[in-house]
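Q: Just the structure for this:
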Amino acid sequence: GLLERKQGLSLTGDGREFVERDLGMRTTQLDITCAVCAGHGIVIPDSLKAEVERLAEIITSAPSVDVTLDQAPCLPDTAMRRALLMLQNGALEGKRVLLLGDDDSVSIAIGLLGRALRKNELSKGDLTRGVTVVDADERRISFLRDAAAREQLSLDVVHHDLRHQLP
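A: Sure thing, here's the model as predicted:
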């Protein structure tokens, strides 16, 4: 009962009390979290808020989590931050992107981001040279295919369990 999972491991109230009382260490910390990005490092610009909202709507029809496949989907704004981080680091523009599993729907976030950039004329043509997802969950495969088709996003989805050799 001393630790709890948050963004990593954190002390519980009992844990803080133990550390202060028995170990003689202070646990009080200064809050140095960025007020703008809450410590994420990537701020979603207002011009992309509609895409995050659309992603949230799309994700409502996502299949339930399959813990046997170690699925742990993130929130829509986190998926968009991941896409923005990839963009910032040169991993999207003109690149072929391969996602090994996509329980976070980052592929859809990349597609929505590319569409928004085209609409705002910050980018000409497709953002990437293609996005491919390899996933073992047939429900996730169907969801991604259907979402991409509805949103008119270019996405290749391959059903394969990467615990087995590639064909």
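
Q: packing partners for the lowest-mean-pLDDT helix or strand in the chain?
A: Ranked by mean pLDDT, DSSP states H and E, the helix or strand of the chain with the weakest confidence is strand 8-11, at a mean of 81. Applying 3 or more CB pairs under 8 Å, 6 or more residues apart in numbering; DSSP states H and E, one finds that strand 8-11 contacts strand 3-6. For the C-beta atoms, the positions are set from N, CA and C on the backbone; glycine is no exception.

Q: and the strand it packs on, average pLDDT?
A: Averaging pLDDT along strand 3-6 yields 84.

Q: List the contacts of it.
A: Contact with strand 3-6 is made by 9-12, 15, as judged by CB atoms under 8 Å, 6 or more residues apart in numbering.

Q: and those residues, which are buried?
A: Taking 16 or more other CB atoms under 10 Å as the criterion, what is buried in the contacts of strand 3-6 is 11, 15.

Q: For the residue sitting nearest the centre point of the chain, what is the enclosing helix or strand?
A: The residue lying closest to the centre of the chain (CA atoms, centre = their mean) is Ala79, at 2.7 Å. If you go by DSSP states H and E, Ala79 is part of helix 76-88.

Q: list the helices and strands that helix packs on?
A: helix 49-59, helix 106-119.
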